[in-house]
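Trainee: okay, predicted coordinates and the sequence, questions at the end:
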Amino acid sequence: MFSKDHSGELQKLVMDMWNDDTESFAKLYCLTVDDTFNYCRHVFGDDKEALESVTEIYENVLNDILSLKDPSLFSAWLRRISFDVCYRKTMNGCSSEVYELFNPDDFSSLPFLEQQIIFLYDIRELDEKAIANALGVSKNLVKNHLLSARNHILQLHEADNGTE
């Protein structure tokens, strides 16, 4: 999803932001906003909703940058913030039936990549190719992680049914 070509530059900009350099935020924004918008656009399929989400995401980045312990993790941290904002906005508009099918405890026990993939596939109803494009990974990786996520959730359901 986010380019690794700028990782050294992003790390420096994060450290500069830690030192209250306001221009660093603008530069960091410029380097990452296109990927962030594209991710949100894939999730929502709507430019307006994607733009609103991007605004919220970067407000979170600006407000919480000091909570980032390692500047080399900025891209992963931004990815997590982006997912959390999109997930919350999507789930706020979902019916209670979705919550019953999509147990939050089961979902949160999945590795982050699997959370993204199963969310995009089952809730946002994107196909594997669109998910691969949104996440910047191969279609094969999407297939493998989707299968792994489903197996993980199935194991959790079997364990729950065995203890009742």
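Mentor: That came through, no problem.
Trainee: tell me which helix or strand of the protein sits lowest on mean pLDDT?
Mentor: helix 96-101 (a mean of 60; mean pLDDT, DSSP states H and E).
Trainee: list the buried residues of stretch 123-132.
Mentor: By neighbour count on 16 or more other C-beta atoms under 10 Å, the buried set for stretch 123-132 is Ile123, Arg124, Leu126, Glu128, Ala130, Ile131, Ala132. C-betas here are computed from N, CA, C, even on glycine.
Trainee: for that stretch, how far is the first residue from the last?
Mentor: Criterion C-alpha to C-alpha, to the nearest Å; first-to-last residue distance in stretch 123-132 is 16 Å.
Trainee: on that earlier part again, tabulate the buried residues of stretch 123-132 (TSV), appending distance to Glu23 and pLDDT.
Mentor: As requested, the buried residues of stretch 123-132 are arranged in TSV below (distance: C-beta to C-beta, whole Å; pLDDT from 0 to 100):
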residue	distance to Glu23	pLDDT
Ile123	38	84
Arg124	36	88
Leu126	36	93
Glu128	40	95
Ala130	36	93
Ile131	35	95
Ala132	35	94
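Trainee: max pairwise distance over the residues you listed: which two?
Mentor: Ile123 and Ala132 (17.0 Å; C-beta to C-beta).
Trainee: in the chain, where is pLDDT below threshold?
Mentor: 1-5, 93-102, 160-164 (pLDDT under 70).
Trainee: other residues contacting stretch 114-125?
Mentor: 42-45, 83, 87, 90-91, 94, 98, 101-102, 107-108, 110, 126-128, 130-131, 134-135, 142, 145-146, 148-150, 152-153 (C-beta atoms under 8 Å, 6 or more residues apart in numbering).
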